[in-house]
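Novice: below are the sequence and a predicted model; questions follow.
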Amino acid sequence: MKRPVRCGLVVGLALLGTSGIVFAEPHRITIQEVMEAAAFRTLPAKIVTENVAMAQASRRIAQAELLPRIAASAQVTRNPEELVLDGRTVVRLWDVNAQASVSIDLFRGTALMEWLASGLSLEAAEMDARWRRAELRVAAARGFLGVLAAKRNLEAVMLTLEQRQATLRDAEMRLDAGFGTSADVAKAKLSLVEAQGHRLEATTALEDAQAELEWVSGIDVSTTGDLDPVLPTFEPAAERADIAALRLSAMSIQRSIDGQWLDFIPILSMVGRAEFGEESLRAPDGVSWTVSFQATWSLYEPSRYGRLDLLASEARALDLEADSRVQTMEYGITKATRAVQTAIGKVTLAEESLALAEEVQNQVRERFRQGVTTALEVTDADVATFRARVGLNVVQLQVDLARIELAWATGALDG
């Protein structure tokens, strides 16, 4: 008896095969994702954010010093006795009154300059945060490239392991055919064991690199997918964030110095008061108010000149540090540029070395299959090829690291 054909399933499979459906490829983690995760989602990144928040709070405090101040009070007083004169109560047994006052500084040079200084300090904090995030990006990029290099090394080890297994099979086949030697088999087995040890070391190195990357970025790349080896193009910044932060901090201190000098000018303020209480001769309806203007001079304050000297020294120190950073940056750019150029040249040489080593390896393996050479020569050729492949991985890592260092030195990672 024939079983019924499930037409719906057949038609569905046919449509699936002809509809041109493209399945999404597994997600590949890019170096940008890792760097941004390190810059904004790790604990050090949160500390950087809090530093900016503190500068914002200082800015609000300085701004509040320029705004009116409002105060209110209420009091209840019990007098020893009630005093009445000509039928009018002069002193009540219980006095209840409330006061409200509004005061504002019409001009206070120190507060105005401190408000301007706080704005510059906030900009400096934001620039410093950009530089701190750039440092976090560099650490994440190094970890990312370390994982890539460890993956490539493991792939090289696995390829060598497969070749050693093939060599052992060839040696055993030759021995079974009667024209091989037991020494070749023993050497092939020893080489295979060495390759297995290299695999263990490479696997451990990869796990360590993945753990380091997870530590600096918070991304577990061992389970989230493959890595994209393509590096983005980095554009140099007009001014590096750390240098800009130092310049802005020096400008902020200069505003504070200006505020100290403006303290010689009188502070002009206005105070308005209103009192609500019992009826009195001064306030027949129980309400009285006053408005006063006052000017306050600070005629002599010995510590002011010491503060001026201290602030001036701090500003000069920041300017000198900024100049030193510029010199260090220029040296770093020159060094990183040279490192990139050197590493690119080394990659070309390493690729040529690998091509030659693979050519020799193939020739030796073919001669071994023909019974012309020994397993020892095959092992030597495998080792030479493995070293050439690992050497290429090393110089590729050097190129990528040099590019990251150059991007960092030019401020391209600030943000």
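Specialist: Happy to help now that I have it.

Novice: pLDDT below threshold where in this protein?
Specialist: Where the chain drops to pLDDT under 70, the residues are 1-26, 87-90, 224-225, 280-283.

Novice: 80 instead?
Specialist: Residue ranges of the chain with pLDDT under 80: 1-27, 78-79, 81-96, 174, 177-180, 222-225, 277-286, 371-372, 415.

Novice: in it, where's the longest strand?
Specialist: In the chain, with assignment by DSSP state E, the single longest strand is strand 94-107.

Novice: the longest helix belonging to the chain versus strand 94-107: what angle between them?
Specialist: When the chain is scanned for its longest helix (criterion: DSSP state H), the result is helix 109-177. Calculated by axes from the mean of the first three to the mean of the last three CA atoms, to 10 degrees, helix 109-177 forms an angle of 70 degrees with strand 94-107.

Novice: for helix 109-177, packing partners?
Specialist: Applying 3 or more CB pairs under 8 Å, 6 or more residues apart in numbering; DSSP states H and E, we find helix 109-177 packed against helix 31-40, helix 43-64, helix 182-217, strand 226-227, helix 241-262, helix 303-369, helix 375-409. Bear in mind the C-beta positions are built from the backbone N, C-alpha and C, glycine included.

Novice: for the residue of the chain most remote from its centre, give its distance to residue 278.
Specialist: Ranked by distance from the centre of the chain (CA atoms, centre = their mean), the top residue is residue 86, with 81.9 Å. Distance of residue 86 to residue 278, given as CB to CB, to the nearest Å: 17 Å.

Novice: next: residue 197.
Specialist: According to CB to CB, residue 197 stands 99 Å off from residue 278.

Novice: for residue 131, same thing?
Specialist: Where residue 278 is concerned, residue 131 sits at a distance of 64 Å (CB to CB).

Novice: with neighbour numbers in mind, choose between the two.
Specialist: A count of neighbours by other CB atoms under 10 Å puts residue 131 above the other of residue 131 and residue 278, at 22 against 13.

Novice: residues contacting the more buried one?
Specialist: Neighbouring residues of residue 131 by CB atoms under 8 Å, 6 or more residues apart in numbering: 240-242, 245, 414.

Novice: let's go with 6 Å and repeat that
Specialist: 241-242 (CB atoms under 6 Å, 6 or more residues apart in numbering).

Novice: likewise residue 245?
Specialist: Applying CB under 6 Å, 6+ apart, the residues near residue 245 are 124, 127-128.

Novice: would you turn those into JSON lines with distance to residue 156?
Specialist: JSON lines is the format used below for the contacts of residue 245 (distance: CB to CB, whole Å):
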{"residue": "124", "distance to residue 156": "48"}
{"residue": "127", "distance to residue 156": "43"}
{"residue": "128", "distance to residue 156": "42"}
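
Novice: of those residues, closest to residue 255?
Specialist: residue 124 (11.7 Å; CB to CB).

Novice: and the closest one, how far is that from residue 118?
Specialist: From residue 124 to residue 118 the distance is 10 Å (CB to CB).

Novice: ditto for residue 94
Specialist: Going from residue 94 to residue 118 by CB to CB gives 48 Å.

Novice: so the spatially closest residue to residue 101 that is not a sequence neighbour is in which element?
Specialist: Of all residues not flanking residue 101 in the chain, residue 273 sits nearest, at 4.5 Å (CB to CB, 6 or more residues apart in numbering). Per DSSP states H and E, residue 273 falls inside strand 267-276.

Novice: circling back to that earlier point, may I see the contacts of residue 245 organised as a markdown table, with neighbour count and distance to residue 337 added?
Specialist: Below are the contacts of residue 245 laid out as a markdown table (neighbours: other CB atoms under 10 Å; distance: CB to CB, whole Å):
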| residue | neighbour count | distance to residue 337 |
| --- | --- | --- |
| 124 | 22 | 29 |
| 127 | 22 | 25 |
| 128 | 21 | 26 |
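
Novice: specify the angle between the longest helix of the chain and strand 267-276 in degrees.
Specialist: Using the same axes, to 10 degrees, the inter-axis angle of helix 109-177 relative to strand 267-276 is 100 degrees.

Novice: quick one, what contacts residue 102?
Specialist: Residues in contact with residue 102 (CB under 6 Å, 6+ apart) are 68, 70, 272.

Novice: I meant residue 296, not that one.
Specialist: With contact set as CB under 6 Å, 6+ apart, residue 296 has these partners: residue 267.

Novice: can you report phi and psi for it?
Specialist: Main-chain dihedrals, residue 296, degrees, to the nearest 10: phi -120, psi 130.

Novice: how close does it get to residue 167?
Specialist: With CB to CB as the criterion, residue 296 and residue 167 are 95 Å apart.

Novice: cool, and residue 363?
Specialist: The gap separating residue 363 from residue 167 is 14 Å, by CB to CB.

Novice: please identify which of the two sits among more neighbours.
Specialist: Taking other CB under 10 Å, residue 363 and residue 167 do not tie; residue 167 has more neighbours (26 against 12).
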